[in-house]
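A.B. asks: Would you be able to build a 3D model of this:
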Amino acid sequence: MDFAFMWETFLTLLPGLPLTLELAATSILAGGILAAIISLVAVIGGPIGRGFTQGYVFVFRGSPLLVQMFLIYYGLGQFRPFLQEIGVWGIFREPYWCAVIALTLNTAAYSSEIFRGGLQAVSIQQVEAARACGMSGVLLFRRIILPIAIRQALPAYGNEIILMLKATALASVITIMEVTGLAGKLIADSFRAFEVFIVAGAIYLAITFLVTRLLRIIEFWLSPHLRLRPPSLT
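C.D. replies: Model (predicted):
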């Protein structure tokens with residue numbers, strides 16, 4: 001391996017890192033908000049709400065993210081007159097926003113199931129104990145249900161965050177020059193795929209390592225009962 005070329009490759013790919021992080025952060029934030037709404041509808045929305053959320057989750061979990069991205073970026077272009085009429089063509093003609101929409105809708109489907117599982121993991125005994133202490137309504141949800149649900153869902157949701165971070169690489173297929181897009185362009189110029197993809201993979205690996213450390217810190221902070229030392233027997 002040519003380490004000098006790999007260093008040059010790293011310097012070439014590094015400018016694409018902010019766009020990769022921006023794509024990931026925007027889609028995870030928007031997808032998390034949408035997933036929270038979907039999970040609440042699934043839990044308290046009755047048969048109609050459950051039917052809608054199950055259909056949404058089935059469609060976006062059952063089809064590849066790449067196909068969804070192509071449908072939004074290339075497919076919706078067939079409806080340009082209608083999109084211009086309602087004033088949203090400016091969004092769907094931009095590759096960045098098409099990628100964000102596809103990533104958001106996809107992660108919302110997976111995350112909503114994670115959040116729903118977290119909400120349903122709150123035992124009825126904990127809710128009844130809180131009601132016995134005088135809590136109800138919003139206070140009960142904010143002080144008891146939500147913290148427990150977040151703690152239960154965080155490990156699985158952390159995996160989804162990492163998956164979405166890596167899924168931003170698919171945005172390169174719709175002309176977005178993030179890390180993978182720049183890597184593809186460099187390979188086309190140099191014909192040295194092995195070194196280029198080694199460097200690109202190392203960049204994603206470093207980001208994933210930092211994200212996992214951050215998630216561990218958050219999980220530790222949200223679990224104070226796990227930090228308590230057992231009483232000494234002496």
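
A.B. asks: and the gap between residue 157 and residue 223?
C.D. replies: As judged by C-beta to C-beta, to the nearest Å, residue 157 and residue 223 stand 15 Å apart. The C-beta positions use only the backbone N, C-alpha and C, and glycine is treated the same way.

A.B. asks: can you check residue 81 too?
C.D. replies: Residue 81 sits 54 Å away from residue 223 when distances are taken as C-beta to C-beta.

A.B. asks: what do you get for residue 143?
C.D. replies: Using C-beta to C-beta, residue 143 is found at 16 Å from residue 223.

A.B. asks: same thing with residue 114?
C.D. replies: 17 Å.

A.B. asks: Settle it for me: which of those two has more neighbours?
C.D. replies: residue 114 (21 against 12; other C-beta atoms under 10 Å).

A.B. asks: That one reaches residue 153, doesn't it?
C.D. replies: Yes - counting by C-beta atoms under 8 Å, residue 153 is a contact partner of residue 114 at 5.0 Å.

A.B. asks: Give me the below-cutoff pLDDT ranges for this protein.
C.D. replies: For the chain, residues meeting the criterion pLDDT under 70 lie at 224-234.

A.B. asks: how about 90 then?
C.D. replies: Along the chain, segments meeting pLDDT under 90 span 1-3, 40, 42-50, 77-78, 90, 116-155, 175, 190-191, 215-234.

A.B. asks: Just list the residues touching the nearest residue to residue 92 once chain neighbours are set aside, thanks.
C.D. replies: Excluding the flanking residues, the one nearest residue 92 by C-beta to C-beta, 6 or more residues apart in numbering is residue 76, at 5.1 Å. By C-beta atoms under 8 Å, 6 or more residues apart in numbering, the residues touching residue 76 are 83, 92, 98.
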